[in-house]
Structures are given as structure tokens and as C-alpha cells.
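1. When you get a sec, could you give me coordinates for this:
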Amino acid sequence: LSPTLAIEVYTDREIHGTVGSRVHLSCTFWSSEWISDDISVSWHYQPDNSRDTYSIFHYAKGEASIDDTGIFKDRIEWVGYPRGKDGSIVIHDLEYSDNGTFTCDVKNPPDVVGKSSYVHLLVYDKQPVRAGMVLGIIIGAALLLVIIVALLAYLIRYCWLRRQIRVQRELSALERGKLHKLSKGSKGSRQAPLLSMLDQSRSFKSTSDKKSKGLGDSRKDRK
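-> Down below sits the predicted model:
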């Protein structure tokens, strides 16, 4: 067969799961031929630290055959759709012992030449934090810190400006008070000479009246 007729199978390289949860093992494929009724999908499993390989699922002639005696008994669900070039399965109730490599193999006669695809499953007690997530958290924390610093700087400047305005208003009020007192003082100082001149004029007039009266009396006496 020509290499151009080789079927191509795709899976994730690695997938993570937690104990007690479920995991979706995706398997898609591309075939140069129309999807025939003879298409078959097979899944095999090799535990970590073991060379043994187990057949856990097989689909052929429109029927799914699930291993009901092995370690995945009653835990495998067929969710694939070969007509849509999908041969995926779901594993429920994950256990630590499920760690291992899963192989997806698809045949679509006459297109049967091609390589299987492998996905490695890692089961954890808790989902591990990925490097991208850690980087995102760091960047988010840095941005939050910058925003907080900017807000603090704005609040400090706002309070300082308000204080400056208040101080300027108080100084302006004090200046107006001083000017008012000075204006009153200058008016009083201007009125003082006038009053003194009036008093002098009054006293002079009184003296003149007395002199005039005295002269009149003396003339009468002479007569």
C-alpha cells in the first residue's frame, strides 16, 4: 500500500486525573478512505513499571466490547463515534493503580497501515498545579500589587492636596483678618489728629469768648 493511504491516529501525550474522578481519553483519527462498516478501534493498557500489556476495549462491526474482568471492570465507558472519526473512551473512579500508558489503535479497511497513538495517565490525590497556572498566578499577583501601589499613591497625593488647600485657605483667612485690623487701625490714626484739632479749636474758641467777655466787663467798669 502507498504511504499516502496510512491511517493517522491522535491522542494527548499526557493526561492527569485525581483519585475517584473520571478521565476522558481522547482518540481521533484521519483516514484517506471512507469510514467502512469494518472499522475497528482498540485500546490497550500497560501499567507503569510493567512490561505487560492488557486489552481493555475493542470496537468492531458496530459493537463495543469492554473488559469486564480486568482492573477496569465496570469503569470503562465508550463515548466514541467512528463515523465522526472519534474513538474515545472514559475511565471512571480513578485509582492510583491506573497510572500507565494507554494505546489507541484504529483500522479502517482497506486503510489499515499506520501507527498507534499513546497517552500516559498520571493519577494524583489532588490535581497538580501546572507551570502555566503558577506563572498566571504570579503575573496576576504582580499586577494586583501594582494596582494597590498606584491606588495608595493616588490616595496619598489626594490627601496631601486637600491638606494644602486647607492650609492655603487658613492662611488667606489670616491675611484677610490682618488687613481688616490694619484698616481699622489706620482709620483710628487718621481720626485722632482731627479730634485733636477740633479740641484745640474748641478750646481756642472758649478762650477767645472768655477774653471778649473780660474786655466787655472792663469797659463797663471804666464807664
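
2. Now the phi/psi pair for the residue nearest to the spatial centre of the chain, please.
-> Centroid-nearest residue in the chain: residue 140, 5.8 Å away (criterion: CA atoms, centre = their mean). Main-chain dihedrals, residue 140, degrees, to the nearest 10: phi -60, psi -40.

3. next one: the one 3 residues further on
-> Listed backbone geometry of residue 143 is phi -60, psi -40, with angles given as degrees, to the nearest 10.

4. if I look at it, how far off is residue 153?
-> Taking CB to CB, to the nearest Å as the criterion, residue 143 is separated from residue 153 by 16 Å. C-beta coordinates here come from the backbone N, C-alpha and C atoms, glycine included.

5. Residue 107 now?
-> Per CB to CB, residue 107 is found 67 Å from residue 153.

6. Which residue of those two possesses the greater neighbour count?
-> A count of neighbours by other CB atoms under 10 Å puts residue 107 above the other of residue 107 and residue 153, at 20 against 10.

7. so the more buried one is in which element?
-> In the assignment (DSSP states H and E), residue 107 maps to strand 100-107.

8. chain center to that strand: distance?
-> Offset of strand 100-107 from its chain centre (CA atoms, centre = their mean, to the nearest Å): 41 Å.

9. ok, now stretch 41-53?
-> Counting by CA atoms, centre = their mean, stretch 41-53 comes out at 43 Å from the chain centroid.

10. who touches it?
-> Residues from elsewhere that reach stretch 41-53 (CB atoms under 8 Å, 6 or more residues apart in numbering): 25, 27, 54-60, 72, 80, 82, 87, 89, 97, 99-106.

11. Filter those down to the buried ones, ChimeraX style.
-> Selecting only the buried entries of those in ChimeraX, with 16 or more other CB atoms under 10 Å as the criterion:
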select :25,27,56,57,58,59,72,80,82,87,89,99,100,101,102,103,104,105,106
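
12. Please verify my assumption that residue 36 contacts residue 109.
-> Yes: applying CB atoms under 8 Å, one finds residue 36 in contact with residue 109, separated by 5.9 Å.

13. Kind regards, and thank you for your time.
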